[in-house]
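Participant: build me a structure from this.
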Amino acid sequence: MKLYIKNMACDCCRVLVKEEIEKLGLSPVNIDLGEAEIKEQISPAQKEELNDAIKKAGLEVIEDKRGILLEKIKKVMYDYTHHYSEKQRTNFSTYLSKQLHYDYSYLANFFSEMQATTIEQYLISLKIDKVKELLVLSDLTLTQIADELQYSSVAHLSAQFKKVTGLTPTHFKQLKEKRQLVKVG
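Facilitator: Numbers count the residues shown, from 1 in each chain. As a prediction, the model looks like this:
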């Protein structure tokens, strides 16, 4: 049985959902962002208990079709931005349409209606989060990061980064390095 979970955004969410499912005596088959597959059928009482447990972390079991589609869009967007090197270099609109079997215009309008932001702005936000992660956790250069995230140039990445964060990528990385020196010193 597959459950759809609202607001799953990281591996910590996956761990939490898995633990809560196991506490109910159920066997998780696969826990992914936005969804949990369980070997058994889940009773309404178990579903309510799971929902109560994960709500403390800002998560929620969703059952309406619109909510499920929204979470599927977010999952595809997350996968697209966080696993570029594993994807073919396809533009996002084509990729999203292929993954969800809907016309991109429909998905973009639906997303904007549900999220009060555009699909493009949400995607930019995810990409900038990935840039921050790479700046902090990797030794990649800005050129390598721009290439990995399919930016047309370092200048484009830098301009978008500054627009979203208020900082240049170089300044952001310098702040990280200063924090590390403070911790060591």
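Participant: rest of the way, CA atoms for contacts and neighbours
Facilitator: Fine.
Participant: work out which residue lies at the spatial centre of the protein.
Facilitator: Geometric centre of the chain, nearest residue: Tyr78, 3.6 Å, by Cα atoms, centre = their mean.
Participant: tell me the pLDDT at it?
Facilitator: Per-residue pLDDT puts Tyr78 at 88.
Participant: before we move on, what about Lys56?
Facilitator: 89.
Participant: got phi/psi on it?
Facilitator: phi -60, psi -30 (degrees, to the nearest 10).
Participant: now do it against Thr118, distance only.
Facilitator: According to Cα to Cα, to the nearest Å, Lys56 and Thr118 sit 28 Å apart.
Participant: and those two? which has more neighbours close in?
Facilitator: The residue with more neighbours, out of Lys56 and Thr118 and counting by other Cα atoms under 10 Å, is Thr118; that gives 16 against 9.
Participant: excluding chain neighbours, what is closest to the more buried one?
Facilitator: Ser112 (4.8 Å; Cα to Cα, 6 or more residues apart in numbering).
Participant: ranges for the strands of this structure?
Facilitator: For the chain, strands defined by DSSP state E occupy the ranges 2-6, 28-32, 35-38, 60-62.
Participant: avg pLDDT for the last one?
Facilitator: Average pLDDT, strand 60-62: 92.
Participant: quickly run through the sheet partners of it, with directions.
Facilitator: Strand 60-62 pairs in its sheet with strand 2-6 (antiparallel), by DSSP bridges.
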